[in-house]
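Asks: What would the 3D arrangement of this be:
(chains A and B, ligands or ions: 2)
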Amino acid sequence: MTGRPRAATEDHPLVKFALCAIAIGFIALFLVMPLATVFSEALAQGWRMAFDALAEPDALAAIRLTLIVAAIAVPCNMVFGLAASWAIAKFDFRGKNLLITLIDIPFSVSPVVAGLVYVLIFGLQGWLGQWLRDHDIKIVFALPGIVLATIFVTFPFVARELIPLMADQGRDEEEAAVSLGASGWSTFFRVTLPNVKWALLYGVLLCNARAMGEFGAVSVVSGHIRGLTNTMPLHVEVLYNDYQYVGAFAVASVLALLALVTLALKSLLEWQFAGEIAASHHH
Amino acid sequence: MSLVIDSVAKKFERFPALKGVSLTVPKGCFMALLGPSGSGKTTLLRILGGLEFADLGHINFDGLDWLALPARERRAGFVFQQYALFRHMTVARNIAFGLNIRPRRTRPSRAEIARRVEELLALVQLDGLGKRYPSQLSGGQRQRVALARALAIEPRMLLLDEPFGALDAKVRKDLRHWLRGLHERLGLTTIFVTHDQDEALELADLVAVMNQGRIEQVATPSELRGAPASPFVADFLGQEPAGPGVVPLRTGSRSSPGPRGGESSFQAR
Ligand SMILES: Nc1ncnc2c1ncn2[C@@H]1O[C@H](COP(=O)(O)OP(=O)(O)OP(=O)(O)O)[C@@H](O)[C@H]1O
Ligand SMILES: [Mg+2]
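Replies: Numbers count the residues shown, from 1 in each chain, chains lettered A, B, ... in the order given. Ligands and ions are numbered 1, 2, ... in the order given. A predicted model of the protein is given here:
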C-alpha cells in the first residue's frame, strides 16, 4: 500500500489523462494564449514604447476615468447587493421572486441594450432630455451616464454571491442575536455581515473587475470623447482602430493586469482564510 | 408570579399551528412540552421568545404583558434546536454576546464580562474551551455553549427547544440529569420542548401534552402515567388507552379538546 491515495471514483488512468489534457488545452488556447499575446504585443517594440503610450494624456485620462467609475459603481452595488440579498434571504414579502428575477436582468440583457435605454431616457431626444438641458445637467456622454451604465451591468455580482449563502445560513443566528437583546443594527453588523464577509469581498472583486472592463453599455453612453469620456476599454478600441497597436495593447495590458491582480487577491484571501471560509459555510 | 398563557392562537397562512392554547407555568417550574412532530411545540415556544407573533390570546409573565414586549426586551433565554451559535465567534465571544451588545451605560466592564464568561464556562463544564470556534466542538458541547450564552443575559425564563434532539442516547441521558441539576441550582422558570416522553417524564415537574395545536393534558409525570386524560395521551405515552367504560381519573372538561383544552390543574412536586 504505497503511493498516492486513490479515490474510489477514479477512472482509468488514460481517461483521466485525456480529460486533463482537454481541459488544459482549452485553457491554454482560449485563456492563456490571448493573455500572453496582449502582453507580448504591448512590449513588441520594447518597454520604453509601451510606457510612453501609457503616459500619453488621453491614456492617463482613460485610466483615471475607469478608476473613478469603478470607485463609484462598486460601492453602490455593494450596498445595493447587501440590501437586496439581506431582504431576500432573511425576510418574507410579496414580490420576492420578482425581485430575484429582476436582479438577473443585467446578466440576460445585452449591455448595448442597457446603454441604449439610458440614452433613451436621459439623452437629448430622450424623455428627460429637455428637462435635463434646462437644468444644465449632463448625463449621457458624460461621467454620470457612464457610471449609471456600469452600475446596471455590474449590479448582480454582489447579490448573486450573497443570496445563496445567506439563504443557506438562514435566520437562526439573527434570531439568537435578537433573543439575546441585540437591536436590528447590531444584529446586522455583528452577525449577518461577518457571516458573509468573504462572499461579499468576492462579489465586490468580481464586480470591480467587470466594472473596469465593461465595454458595450459604456460604449453607447460615453460618446467616445477622447481624454474625457473614454474609459480604458473604449480607449483600447480607439487606439486599435487608429493602428496604434503598441498603445492599444499597452492599455489592454493594464486592464489585463488589473484582472490578474483581482484574481491573485481572491486566491490569496481564499488561501489565507481557508478555515474561516469553510466554517462560514457549515457549522 | 407565574407565566400565564391564555388562549394563544397562531395561523401560518391558512394552517392553524396553535388553536387556542392556555397554560399556567408556576414560577421556578420545570415544564415540558411533549407532543408529536408538528403539534405546535416550537411555535408556542417561539411565541414565548418573541420570535413569532400570536394572532390571538394573551401572555402574562410576572405582571408584564409579555406579548407587548419586543423579543429583544424580553430577556428570555432561548436555546435553539440547531444551537444557532455564531459561527464566526469563539465560544467565549458567543457567551459574551448578550453582554457585549448592551449600551455602554449598562454594559459590564471587559474584565467583568471575561469573569462572567469563565464562570459560565465552568457552569456548563466547558472550562478551557473558550478560544475554540463552534465548528471545533461536539454536538453536546455546542448545546452547552448555547445554554451558557442564554444564561449570560440573566434570563427571566429559559426556553429550550429540543435541546438534546441531535445527540445520541448516552449523551442525552447525561445532559438530561445535568440540566435538571442546573435547573434546581438556578431556580429559573424553564420550558422544555421534547418529543421524547422518557425525557419529559423524567425531567419535568409538569408535562403539557400537545396534539395538533392544542394542549391535551397538563399533569405531573406520575399523574400522567397513572391517568392519561385522553386516548391520544394514552396512545402517545404508549399505554393502554382507557377503555370505553373506564373513566380516567382526572379527565373532566379536558377530555374534550375545546379552545381551553389546557386548563391546568396540578400540583408541582
Ligand atoms: N413558518 C411556518 N410556515 C408555515 N407553517 C409552519 C411554520 N412553522 C411551523 N409551521 C407548521 O405549524 C405546525 C407546528 O409546527 P411546530 O414547529 O410548532 O411543530 P413542533 O411541535 O415543534 O414539531 P417538531 O417536533 O417536528 O419540531 C406544523 O404543522 C408546521 O408545518
Ligand atoms: Mg419543533
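Asks: OK, now which residue of chain A is nearest to ligand 1?
Replies: With C-beta to the nearest ligand atom, the shortest gap between chain A and ligand 1 falls at A:Asp92, namely 8.5 Å. Glycine gets a C-beta too; all of them are placed from N, C-alpha and C.
Asks: Measure how buried that residue is and give me the count.
Replies: 7 (other C-beta atoms under 10 Å in any protein chain shown).
Asks: Got phi/psi on the residue of the stretch 101-250 of chain B found nearest ligand 1?
Replies: Nearest residue of the stretch 101-250 of chain B to ligand 1: B:His195, at 4.8 Å (C-beta to the nearest ligand atom). Torsion angles at B:His195 (phi, psi; degrees, to the nearest 10) stand at phi -110, psi 10.
Asks: my read: it touches B:Val209, true?
Replies: No. Assessed by C-beta atoms under 8 Å, B:His195 is found out of contact with B:Val209, at 10.6 Å.
Asks: Among these two, which residue is more densely surrounded?
Replies: Using other C-beta under 10 Å, the more surrounded residue of B:His195 and B:Val209 is B:Val209, with 27 against 18.
Asks: Help me confirm that that one is found in a strand?
Replies: Yes. Counting by DSSP: H, G, I helix; E, B strand; the rest coil, B:Val209 is found in a strand.
Asks: Quick check, it in contact with B:Gly35.
Replies: Yes. Between B:Val209 and B:Gly35 there is a contact under C-beta under 8 Å: 6.0 Å.
Asks: mind checking the longest helix of the chain?
Replies: I went with chain A, as the question did not name one. helix A:57-90 (DSSP state H).
Asks: hm, I was asking about chain B
Replies: helix B:169-186.
Asks: That one: which residues count as buried?
Replies: Residues of helix B:169-186 classed as buried by neighbour count (16 or more other C-beta atoms under 10 Å in any protein chain shown): B:Val171, B:Arg172, B:Leu175, B:Arg176, B:Leu179, B:Arg180, B:Leu182, B:His183.
Asks: same thing with stretch B:200-210?
Replies: In stretch B:200-210, counting by 16+ other C-beta under 10 Å, buried: B:Ala200, B:Leu201, B:Leu203, B:Ala204, B:Asp205, B:Leu206, B:Val207, B:Ala208, B:Val209, B:Met210.
Asks: quick one: contacts of it?
Replies: With contacts defined as C-beta atoms under 8 Å, 6 or more residues apart in numbering or on different chains, stretch B:200-210 is touched by B:21, B:23, B:25, B:29-35, B:39-41, B:44, B:176, B:179-180, B:192, B:194, B:215-221, B:224-225, B:232-233, B:236, B:262, B:264, B:266, B:268-269.
Asks: so does it get close to ligand 1?
Replies: No. Where contact is defined by C-beta under 6 Å from any ligand atom, no part of stretch B:200-210 touches ligand 1; the two come within 6.6 Å at best.
Asks: Give the rounded mean pLDDT of the one helix or strand B:Val233 maps to.
Replies: Secondary structure from DSSP states H and E places B:Val233 in helix B:231-236. Averaging pLDDT along helix B:231-236 gives 88.
Asks: and the residue lying closest to A:Asp172 once chain neighbours are set aside, what pLDDT?
Replies: Nearest non-adjacent residue to A:Asp172, counting by C-beta to C-beta, 6 or more residues apart in numbering or on different chains: B:Ala84, 3.8 Å away. We have a pLDDT of 93 for B:Ala84.
Asks: Can you get me a residue count around B:Ala84?
Replies: B:Ala84: 25 neighbours (other C-beta under 10 Å).
Asks: give me every residue that touches it.
Replies: So B:Ala84 contacts A:Asp172, A:Glu173, A:Glu175, A:Ala176, B:Ala146 (C-beta under 8 Å, 6+ apart).
Asks: ok, how many other residues are close to the nearest residue to B:Trp178 once chain neighbours are set aside?
Replies: For B:Trp178, ignoring the flanking residues on the chain, the nearest one in space by C-beta to C-beta, 6+ apart is B:Gln125 at 7.7 Å. Neighbour count of B:Gln125, defined by other C-beta under 10 Å: 11.
Asks: Which of the three states applies to B:Gln125?
Replies: coil.
Asks: what about B:Arg116, helix or strand, and which?
Replies: B:Arg116 belongs to helix B:110-123, assigned by DSSP H and E.
Asks: do the same with A:Val15
Replies: Assigned by DSSP H and E, A:Val15 falls in helix A:13-27.
Asks: buried ones in that helix?
Replies: Quick answer for helix A:13-27: no buried residues (16+ other C-beta under 10 Å).
Asks: Does anything pack onto the very next helix or strand once past it? Which helices or strands?
Replies: Where DSSP H and E defines the elements, the next helix or strand beyond helix A:13-27 is helix A:33-42. Under the contact definition 3 or more C-beta pairs under 8 Å, 6 or more residues apart in numbering or on different chains; DSSP states H and E, helix A:33-42 sits against helix A:245-272.
Asks: Kindly recompute the last result at 10 Å.
Replies: helix A:46-55, helix A:245-272 (3 or more C-beta pairs under 10 Å, 6 or more residues apart in numbering or on different chains; DSSP states H and E).
Asks: circling back to that earlier point, show me which of the buried residues of helix B:169-186 is closest to B:Leu120.
Replies: B:Leu182 (11.2 Å; C-beta to C-beta).
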